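> model the following, please.
(one chain, ligands or ions: 1)
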Amino acid sequence: MVAGKGWFDDNHLGIDQGPIIAMIANYRNGFVWERMKNQSVHRSRPLSRGIQRRLVGRQVLTAARVAALLAAAAVCLGGSAAPLASQATRPAPSTRPMTPRAADRRMDRFVDSVLARLTLEEKLGQLTQYRGQFGLTGPQTPEAGAADIRAGRVGSFLGVHGAELTRQMQRVAVEESRAKIPVLFAHDVIHGFRTIFPVSIAEAASFDPAAVQRAARVAAAEAAAHGLHWTFAPMVDIARDPRWGRIVEGAGEDPYLGSTMAAARVFGFQGASLRDTLSILATAKHFVGYGAAEGGRDYNVAEIPSRTLREIYLPPFHAAANAGARSVMAAFNEVDGIPMHAHRDLIDGVLRREWGWDGILVSDYTGVMELMNHGIAADSATAARVAVDAGVDVDMVSNFYMSHLPREVRSGRVNVAVIDSAVRRVLRAKYELGLFEDPYRYSSVARERALTLAPAFIAEARDMARRSIVLLKNEGNTLPLRKGLGSIAVIGPLADDGRSALGSWAAAGRPEDAVTPLAGIRQAMGTGTRVLYARGASVDSADTTGFTEAVRLTREADAVVLVVGEHQDMSAEARNRASIDLPGVQLGLVKAVKAAAGSKPVVAVLMNGRSLAIPWLADSVSAIVEAWYLGVQTGPALADVLFGDYNPAGRLPVSFPRAVGQIPVYYNHKNTGRPPLERERYTSKYIDVPWTPQWPFGHGLSYTTFSYSPVRVSANEIRPTDSVAVSVDVTNTGSRDGDEVVQLYVRDDAATVTRPLRMLKGFRRVPLKAGERQTVTFTLRPQDLAFYDLRMRHVVEPGTFTVWVGGSSLGGQSARFRVAGRVTEVRNRGALPVDWRP
Ligand code: BGC
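Take a look at the predicted model:
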């Protein structure tokens, strides 16, 4: 039933008030208010005692009752925008989902009782994931129908969604199958479901984990309202090679930034509790090393030394596991000769035993089948056996488990205990989602209608989009542009491309939902300014006939905004590029427009899913804005930045090379024995391009300026088991309010194995009013100073450490401290403190 603009179900009462959506989650136990508002942080607090009293115990709501509750809630919400409560008042998500609490024991007893009733085939059904109508991301594989569900052959679906459809399919599972076990509906909800947010690499550029958590929360709510229980996100693969198309799906090149983004997204997707029907299971993928594909060629082998694996590629997975991610997906690649779908040491050894993680390990799409192509399984039965023995619980669409494991188990080649453990993990997830109590709790048509593209979600998407924009260059304060311009020419193949605005992996996003850059600029300009538009060229053809019109409009206009880059289908899975320049004739278009513009302001807006090598543009165009793919609110967010309503503060999560031949180029590299020196011939560099990146990791400008005081360390000398505080005063020295992303880097000056020149160990996005000064303090723990030594022990070694604090990975204020004492082993608990929250 829907009352007014509100909706409710057994667990929520939602009130959509234009820019505000309020949800009373679990109103029966008076759990939490969630409030999402454009400019404010995501806040929650326990319900007031008065409201709790009125809600507790009410199982059935009449229309009159709902109206009364809506009114009460509206009073609550009508209050001021003053902070309701700090983040700390929100119930902390469980970081160790499998601690033996009483509830867990109850769950385990229940799960065991279900397991005991299942036949071997039904157990394997739980481990089988079929592709649904939207689930094609690899070879054509069979789809399951009602007969398969009825026969207990399906545990979960990929790419099936919709409240009505999932209800119908669930009905077959729980009413017509023998075991009556609900099925899970999974999908790739990467950066929004229908309300599409910026692509993941863009969100990482915000350096704002709290905002990223909010974005994932909205994605979860909308996806859950469409019947989904499980997302295959976050993608947490570190990528140092922008040729690799999937760099767009991750958080870039740095393990610390990647860890914060991984955890923030897990918290966002899974919420405070999976009992909340607006929460979905998160999946950290692709375990592990997928981003290290040789040559940037997707699915290719990854050569990763074990120290690099531990220090660069594993940390974001560790962070996701610590944040309670209920699932992890195996990667398509091999690591050191062992395909990840067969990598028992990493799955069972590191993930499960070392980290104590006990969620569902899902294969990637046909990943089990691909063990044959990898050449480690001569036939499909061996592939199934090797995968399940390695710890892969769920077989996504290969259907090898179902086809072969009955015989493998009956013949004794696979131990049934292995199958039982895998099934337990799947059943636990179903239990935790509350599906055994009510299999239809995610399939509410009213909720689906109320939450799809809800105004509050759109407002969040705009906010996230603005935070993700990186101002790469702004010579002579070209930006922001004056709003009172007589005319502005918007030129370029991506200026009015709604599909590209959404980016890749846009789930249920529709191009018509997206406000393009052109539409956003038109809205922002109103009627006083003439907005002229020419496409100029297409993204990737050789046709230059559109240049004439572009040049004509440039001559007519007072300023030009060029929107160029890659269309959305040039990055993501299987979308690798051997050259990463501006495709097609776009550079020619930029040159023609620039020449025609004379002294008029020309701004280049880049839309792309990877870092690009664009040296001419970088040198010749005075203002460059990195807009990635910003989602449904691309246009408004961009206009906010272009015309100064929002002061950009995004930072690059990946280095931008000058030329493709420099790849890999990343900030946390080693010094080498011959570090590059301009005048020294025999040093590590190129003869045709500088060795430095065009723009380094962490780079991004603002419309204001910031200054840093010298760095203070709390002690000049510490023991290996001590922490040290690093502080700096940051001042907004300009005349506009703005956010500074304060970044902390560390170097172990000399150690028994070589260490990176610097490593990010902390950052904070700090809003500062014009003239305001704030002290920012970071704590460096022993964990942050430790590394894997010759014997692969995680140790802190005595010696000096240098720290830098600044606004990018280059430069900054530095200080030094000494660790005195003995080499000390430190248990690696992950890059983030265990109680870390966005
Ligand atoms: C991708 C995964 C994705 C899966 C299901 C695969 O091709 O590698 O990231 O989750 O398809 O769509």
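> residue contacts, the closest residue to Tyr533 other than its chain neighbours?
Counting by CB to CB, 6 or more residues apart in numbering, Tyr533 lies nearest to Val490, which is 5.0 Å off, once chain neighbours are set aside. Using the backbone N, CA and C atoms, a C-beta is placed for each residue, glycine as well. Neighbour list for Val490: Pro517, Leu518, Ile521, Val531, Leu532, Tyr533, Val560, Val561, Val563 [criterion: CB atoms under 8 Å, 6 or more residues apart in numbering].
> switch to 10 Å and redo it
496, 516-522, 525, 531-535, 553, 557, 559-563, 605 (CB atoms under 10 Å, 6 or more residues apart in numbering).
> in strands only, show me those.
Val531, Leu532, Tyr533, Ala534, Ala559, Val560, Val561, Leu562, Val563, Val605 (DSSP state E).
> look at the second one and say how many residues are nearby.
This means Leu532. 18 (other CB atoms under 10 Å).
> from the ligand, how far off is it?
Relative to the ligand, Leu532 is positioned 41 Å away (CB to the nearest ligand atom, to the nearest Å).
> what bridges to Leu780?
Beta-bridge partners of Leu780, counted by DSSP bridges, are Val724.
> I'd say Gly227 and Thr166 touch.
Yes: judged on CB atoms under 10 Å, Gly227 makes contact with Thr166 at a distance of 3.1 Å.
> what's the overlap in contacts for these two?
Joint contacts of Gly227 and Thr166 (CB under 10 Å, 6+ apart) are Phe157, Val160, Phe185, Tyr440, Tyr442, Ser443, Glu448.
> shouldn't the second one be in contact with His187?
Yes: applying CB under 10 Å as the test, Val160 and His187 come out as touching, 7.6 Å apart.
> please enumerate the shared neighbours of these two.
Shared contacts of Val160 and His187 (CB under 10 Å, 6+ apart): Gly132, Phe134, Gly135, His226, Gly227, Leu228.
> which residues are in contact with the residue lying closest to the third one once chain neighbours are set aside?
When you say that, I think you mean Gly135. Among residues not flanking Gly135 along the chain, Gly159 sits closest, at 2.6 Å (CB to CB, 6+ apart). Residues counted as contacts of Gly159 (CB under 10 Å, 6+ apart) are 129-137, 143, 185-188, 228, 232, 397, 507.
> so whichever residue of the stretch 401-550 of the chain sits closest to the ligand: helix, strand or coil?
Nearest residue of the stretch 401-550 of the chain to the ligand (CB to the nearest ligand atom) works out as Trp505 at 8.3 Å. Of the three states, Trp505 takes coil under DSSP: H, G, I helix; E, B strand; the rest coil.
> make residue 1 into 21 and carry on from there
In the new numbering, first residue 21, that becomes Trp525.
> just to revisit the earlier point, quick one: pLDDT of the residue nearest to Tyr553?
Per-residue pLDDT puts Val510 at 98.
> find the nearest non-adjacent residue to Tyr421, please.
Asp415 (4.1 Å).
> now swap in Val370 and tell me
What sits nearest to Val370 in space, not counting adjacent residues and going by CB to CB, 6+ apart, is Leu334, at 7.0 Å.
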